[in-house]
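**Student:** Next one to model:
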Amino acid sequence: MDTVAQQEARIPRWVRQGAFLALAMAGFLVYDQWHWWSNREDYSFGFLVPVFVAYVLHERWPTVRRYLVEGRWEGRPLRTEAPGGRILSRLLGGVAWLAVIGGLLLFFLGGFLQALTDNPLLPGGQAAAYGFAATVLALAFLAGGRDPRQPATVGERLLFTGLFVFPALIWILSLPLLSFAEVRVSLFLLHQVTAVVFQVFDILGIPLEQRGNVLVLARGEVGVEDACSGIRSLTACLFAGSFLAAVFLDRWWKKWALVGCAMAFAFVMNLFRSLFLTAWAHAFGPEAIAGRVHDLTGYAVLGFTCAGLLLLLPLFNYRARWEDDGEDGPIEPISLNTNGGRT
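**Tutor:** Alright, predicted model coming up:
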């Protein structure tokens, strides 16, 4: 039996070269985004991105190796594309090559923009991140074909490409939004938070007046600033939800559902935070919510959201197997499987 090293040596040379290219591009993204991770506290989670990407790739490498070397997916041999389906396969392969070229051009454009100034620019960073994502996913789809003469089915190539979705796309999330997009999202969330806080206090009969994004209390005014909109905690919670979904869930609908739950949890927890801070200001004065109280409640949003997502994982991974106890006998559960797969 071949050793692991001998098996990996049988991976097509162009695939290994593509992997080294992706690794070099990822190294540039770390260098480029380090500025934002260091200078914006709400994006300090970005320091975890290279670590988590390396962990996900390490966990999935045996699956990737079996696919590329042994031609097996989840223990079964890969199916060869039927002659009628090869037209679609070749068409998608052509689109993938165009995506590789376009992704590389976008990546190098972003690198060129960053080289024009001493300080990293968001447009250049975004271009590099999107170019990296397009290049990696397109290369994965092409590698999933294995043998161009007898390519795997389009469905199996897409499953193989899915292994690289988190490592390819997470770099976009670890970079701040462009200013116009961030302002719009922040203002939308800000209006929702202010309106909900005002309605809750009004229902409770607590004297309160709303002047735009300023809440006038008996002891003074409380300004609901951009940082209180929840956009900062939203990005961090999306990162946490994406990682947990990538590692512990085995179906795409579950992954998307958990990411959606991360967004909902972040929004709801930020509402509770704003209600708490407003109540604290009502009891002790607006100056009482500055500093430590304000910061601790912000960290609590992320902590409670991550805890909620962890509690949801067993529910998403719950599976019951049923066995017929007889021709007319009752059907009763015989085992429970709560182990998450990795797709």
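
**Student:** Pop the domain breakdown of the protein in here.
**Tutor:** Recorded structural domains for the chain (assignment: automatic domain parsing) are 4-173, 179-320.

**Student:** JSON lines please, covering the ones you listed and showing mean pLDDT and mean neighbour count.
**Tutor:** Glycine gets a C-beta too; all of them are placed from N, C-alpha and C. JSON lines is the format used below for the domains of the chain (pLDDT from 0 to 100; neighbours: other Cβ atoms under 10 Å):
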{"stretch": "domain 4-173", "mean pLDDT": "88", "mean neighbour count": "17"}
{"stretch": "domain 179-320", "mean pLDDT": "81", "mean neighbour count": "17"}
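
**Student:** quick one: the host helix or strand of Gln114 to chain centroid distance?
**Tutor:** Taking DSSP states H and E as the criterion, Gln114 maps to helix 86-115. Relative to its parent chain, helix 86-115 has a centroid offset of 22 Å by Cα atoms, centre = their mean, to the nearest Å.

**Student:** Let me see the ranges of the helices in the chain.
**Tutor:** Chain-ordered helices for the chain, with DSSP state H as the definition, fall at 4-9, 13-39, 49-65, 86-115, 122-143, 154-162, 165-173, 179-203, 231-248, 252-284, 292-316.

**Student:** and the longest one, what does it pack onto?
**Tutor:** Put plainly, it is helix 252-284. With contacts defined as 3 or more Cβ pairs under 8 Å, 6 or more residues apart in numbering; DSSP states H and E, helix 252-284 has these neighbours: helix 179-203, strand 214-217, strand 220-223, helix 231-248, helix 292-316.

**Student:** Determine the angle, from 0 to 180 degrees, between that helix and helix 154-162.
**Tutor:** Our comparison of helix 252-284 with helix 154-162, counting by axes from the mean of the first three to the mean of the last three Cα atoms, to 10 degrees, yields an angle of 40 degrees.

**Student:** Next: the last one.
**Tutor:** Relative orientation of helix 292-316 and helix 154-162, computed by the same axes, to 10 degrees: 150 degrees.

**Student:** what sits up against helix 292-316?
**Tutor:** 227, 230, 232-233, 236-237, 240-241, 244, 248-249, 254, 257-258, 261-262, 265-266, 269-270, 273, 276-277, 280, 338, 340 (Cβ atoms under 8 Å, 6 or more residues apart in numbering).

**Student:** now with 6 Å?
**Tutor:** Applying Cβ atoms under 6 Å, 6 or more residues apart in numbering, the external contacts of helix 292-316 come out as 233, 236-237, 240-241, 244, 248-249, 254, 262, 265-266, 269-270, 273, 338.

**Student:** Which of the residues you listed sits closest to Gly75?
**Tutor:** Leu249 (19.5 Å; Cβ to Cβ).

**Student:** Now do that closest one against Trp37, distance only.
**Tutor:** 26 Å (Cβ to Cβ, to the nearest Å).

**Student:** before we move on, what about Ser274?
**Tutor:** For Ser274, the distance to Trp37 equals 26 Å [Cβ to Cβ].

**Student:** Could you do Phe188 as well?
**Tutor:** Relative to Trp37, Phe188 is positioned 25 Å away (Cβ to Cβ).

**Student:** for Gly93, same thing?
**Tutor:** Relative to Trp37, Gly93 is positioned 36 Å away (Cβ to Cβ).

**Student:** residues contacting Ala114?
**Tutor:** For the record, residue 114 is Gln, not Ala. Applying Cβ under 6 Å, 6+ apart, the residues contacting Gln114 are 32, 120, 124.

**Student:** Nearest to Pro62 among these?
**Tutor:** For those, the closest approach to Pro62 (Cβ to Cβ) belongs to Asp32, at 30.9 Å.

**Student:** Contacts only, for that closest one.
**Tutor:** Remark: with contacts taken as Cβ under 6 Å, 6+ apart, Asp32 is in contact with 114, 120, 125.

**Student:** could you redo the last one with a cut-off of 7 Å?
**Tutor:** If you count contacts by Cβ atoms under 7 Å, 6 or more residues apart in numbering, Asp32 has them with 114, 120, 125, 128.

**Student:** Wait, the last one touches Gly111, no?
**Tutor:** Yes. Here Ala128 lies in contact with Gly111, judged by Cβ atoms under 7 Å, at a distance of 5.9 Å.

**Student:** Overlap in contacts, those two.
**Tutor:** When contacts are counted by Cβ under 7 Å, 6+ apart, Ala128 and Gly111 are jointly contacted by Phe28.

**Student:** just to revisit the earlier point, out of the helices of the chain, the one nearest Leu217 is which?
**Tutor:** helix 252-284 (5.0 Å).

**Student:** Also compute the angle for the closest one relative to helix 179-203, please.
**Tutor:** Angular relation of helix 252-284 and helix 179-203 on a 0 to 180 degree scale: 60 degrees, by the same axes, to 10 degrees.

**Student:** measure Phe164 to Leu88 for me?
**Tutor:** When Cβ to Cβ is applied, the distance between Phe164 and Leu88 equals 21 Å.

**Student:** Kindly provide the distance from the nearest residue to Arg86 once chain neighbours are set aside to Leu137.
**Tutor:** What sits nearest to Arg86 in space, not counting adjacent residues and going by Cβ to Cβ, 6 or more residues apart in numbering, is Pro151, at 6.9 Å. Going from Pro151 to Leu137 by Cβ to Cβ gives 17 Å.
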